[in-house]
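Participant: got a structure for you, letters missing:
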């Protein structure tokens, strides 16, 4: 009777299976998995390393004090990057390390062009009349009528298709420009 | 046969014991919000870095939203969102005098809202509702993930580990808010991260940064000076689909019953 051989075989098979499973698990489990919870802890740092494009108003203020003071009235609280798009790549922090107001700034950092949408559509994105907008928010129902009614003599010759910025200052919209400002 | 009777009795005893054990397994409490907080406490004990010592919260005041779509544009630029997909979007609601609700979100509201889409009848009320991932405390999306690619960070943000994600799309279906999509470029799940790369460096999420009417407020429940925390603690906030018990951590002010 060689019954002990069955037992021996079963032990060997179980052992090999256990080894394969444990070795496979060790090989397949990511390195930092389980450090904080049931996820790869290294991903927190990876997600954090993604570059930020928008920098917020304070970053704009570092160089653009004049424009900052100019912005007042109803648009004072509109963030710079709403109309001007993101601060990066315009001001790339990667090349900083020099005082921002350095006269030789161009030597140290290259400022990319700042895109800004000056079209009438950009203004109407917020100011076209929609029944869903809050009632108190300034909205223009009929643009043609608005231009006709609002046109002041010192703006010069009447332009029925004028852009919004022909009359309004983007940084202080309630001040209507005169002809020499335009 | 006395032996067989004994065997049967023993078998029945064993079966009853096994049944009781099985019942106990079924009755183990499901991981709820309290346990999730416990998980976070545990993580803290494991020595988290200083920049993780936050608990982020997001508030949306729908009464202030003008539907300009600036947040959607900023999000797309900041996070390199593939064209045609949105991590955040704005919905326009119109309710007419017959009680019909009209909802639209052309291109997620990215290019604003077309003027000619006024609802039929007399519109008695209308409003915009910005939506995004609600970063739920009891979220279905991480529960269905078979590879633990989707998870909740110790600072209260739901993220997707793209290196682990196999693109099965379970989480996309599990999310009751439609906040997730499969990125067509690498076929992995993608969603709003509350701009995790920004908030962990002290910046605000891109959508909050550009919002011209302060509809969107972002804050930290661990910061006593945080406006979002003050709103959540003192005002009457609500969440989207509270009946689902997902316990969102994105709160709304002035939400209408028509919003789903």
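Facilitator: Okay, I see it. Quantities reported herein were computed from a predicted structural model and do not represent experimental measurements.

Participant: give me the low-pLDDT residue ranges for chain A?
Facilitator: For chain A, the stretches with pLDDT under 70 are A:1, A:91-113, A:177-182.

Participant: what about residue B:204, neighbour count?
Facilitator: 20 (other Cβ atoms under 10 Å in any protein chain shown). Glycine gets a C-beta too; all of them are placed from N, C-alpha and C.

Participant: not counting sequence-adjacent ones, nearest residue to it?
Facilitator: Spatially, and ignoring its direct neighbours in sequence, residue B:204 is nearest to residue B:218 (5.2 Å; Cβ to Cβ, 6 or more residues apart in numbering or on different chains).

Participant: same thing with residue A:169?
Facilitator: In space, residue A:169 is closest to residue A:175, 5.2 Å off (Cβ to Cβ, 6+ apart).

Participant: what packs against the helix or strand hosting the residue nearest to residue B:204?
Facilitator: Assigning secondary structure by DSSP states H and E places residue B:218 in strand B:216-220. Strand B:216-220 sits against strand B:56-61, helix B:206-210, helix B:227-234, with contacts defined as 3 or more Cβ pairs under 8 Å, 6 or more residues apart in numbering or on different chains; DSSP states H and E.

Participant: deepest-packed of these, please.
Facilitator: helix B:206-210 (a mean of 28; mean count of other Cβ atoms under 10 Å in any protein chain shown).

Participant: close to chain B: what parts of chain A are there?
Facilitator: A:30, A:33, A:35-40, A:43-44, A:46-56, A:77-79, A:81-82, A:85-86, A:121, A:124-126, A:128-134, A:137 (Cβ under 8 Å from any Cβ of the partner chain).

Participant: any chance of a ChimeraX selection covering the buried ones in these?
Facilitator: With 16 or more other Cβ atoms under 10 Å in any protein chain shown as the criterion, this ChimeraX line picks the buried residues out of those:
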select /A:30,33,36,37,39,40,43,44,47,48,52,53,54,55,56,78,79,81,82,85,86,124,125,126,128,130,131,132,133,134
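
Participant: out of the residues of chain A next to chain B, name the ones that lie in helices.
Facilitator: Those of the residues of chain A next to chain B mapping onto helices are A:43-44, A:46-48, A:81-82, A:121, A:124-126, per DSSP state H.

Participant: in TSV: these, plus distance to residue B:54.
Facilitator: Shown next, in TSV, are those (distance: Cβ to Cβ, whole Å):
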residue	distance to residue B:54
A:43	17
A:44	12
A:46	18
A:47	14
A:48	12
A:81	23
A:82	26
A:121	39
A:124	38
A:125	33
A:126	32
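
Participant: any weak-confidence spans in chain B?
Facilitator: Scanning chain B for pLDDT under 70 picks out the ranges B:1-6, B:19-46.
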